[in-house]
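Novice: here is a sequence together with a model predicted from it:
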Amino acid sequence: MKKLTNNLGILISCSLILLFSACNNHSPEEHRNEVTRPDTTEAQSSQIPKNDFEKLRNQALTTTPEKLNLHLSSDQLTIYGIVMDWEMGGTTSSTVCFKTGDASIYISSGGGVIGGGKQAEVNAAAKLFLSNAQECLDKAKKTRSTPLPEKNQVIFYILTTQGIYTGNEFMKNIENNTSQWQPLFDDGNRVIASLRRSAIDK
C-alpha cells in the first residue's frame, strides 16, 4: 500500500479516524450515526503536489474495464467501479473502488492511500460496495459530467459498461438515517474503515 501526504506537511494519512465508533455488526439503529472520516491532523515529511488529487480522481473516473483487464460486454449493464466523493469542511475525499477489489482514497488538499485492495479485508469491502451498488441503479441518473460535491454533500459516481450513473445526498440526511442512499454510503464507509484498519496494522 502506498502512502501519500501533502506538500504543506499536513498528513492526509493512510490511517483513518473514527468520529463515531464503527462496528459492522451493529443493528441499523445502532449504526445510524457511525461515520469514518479521513484523518487530516498529523504531520509527515514526505510531500505530494495538491493537484495530484484532480489527476488521480480523473483517472479513476475515466478508467475502462479494459484498463482493469476485465472482459465485459457493453450489451449488459455491469458495474465495474464506483467513486464516492465526500465534502468535509472545505476538503473532499474520493473513495475509489473497482470490480477487481482495488480500493484507494484521494484527498483534495493532497495525500491519500492507493493500492488498498491488496489487503484481503479492503478487497472484500470494495467488492461488496460494488455489488450493492447494482441495486441503486434504478434511482441513479446517467451523467456525462462529474462535478465535485457541494458543502457537506456526498456524490456517488457508478461506473458501468453503459456509462456513468450518479446519485447524491447531503450528510445531514445520511446522519439522520432518512436518505435512500444510506445503505450505499454505509458500504463506502466500510471501505474507509477497512482502509483505516489495514493502515494501522501496517
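Specialist: Alright, I've got the coordinates.
Novice: only C-alpha atoms from now on, for both contacts and neighbour counts.
Specialist: Fine.
Novice: count of neighbours near W86?
Specialist: For W86, the neighbour count with other CA atoms under 10 Å is 26.
Novice: correct me, but it touches N152?
Specialist: Yes: the pair W86 / N152 is scored as a contact, 7.2 Å apart, by CA atoms under 8 Å.
Novice: thought K127 was touching A103?
Specialist: No: K127 is beyond contact range of A103, at 9.2 Å (criterion: CA under 8 Å).
Novice: tell me which of those two has more neighbours.
Specialist: Taking neighbours as other CA under 10 Å, K127 and A103 compare with A103 leading, 29 against 23.
Novice: now what about stretch 94-106, what contacts it?
Specialist: With contacts defined as CA atoms under 8 Å, 6 or more residues apart in numbering, stretch 94-106 is touched by 53, 56-57, 60, 68, 79-86, 93, 107, 112-118, 122-127, 129-130, 188, 191-192.
Novice: now, of those residues, which are buried?
Specialist: 53, 56-57, 60, 79-86, 93, 107, 112-117, 122-127, 129-130, 188, 191-192 (16 or more other CA atoms under 10 Å).
Novice: so which strand or helix has V96?
Specialist: Using DSSP states H and E, V96 falls within strand 91-98.
Novice: chain center to that strand, what's the gap?
Specialist: 4 Å (CA atoms, centre = their mean, to the nearest Å).
Novice: cool, and stretch 95-114?
Specialist: Using CA atoms, centre = their mean, the offset of stretch 95-114 from its chain centre is 6 Å.
Novice: quick one: terminal-to-terminal distance for it?
Specialist: 10 Å (CA to CA, to the nearest Å).
Novice: may I ask which helix or strand of this protein has the lowest mean pLDDT?
Specialist: Lowest mean confidence among the helices and strands of the chain (mean pLDDT, DSSP states H and E): strand 16-18, at a mean of 32.
Novice: thinking again about what came up before, so of the contacts of stretch 94-106, which ones are in helices?
Specialist: Residues of the contacts of stretch 94-106 located in helices (DSSP state H): 53, 56-57, 60, 122-127, 129-130, 188, 191-192.
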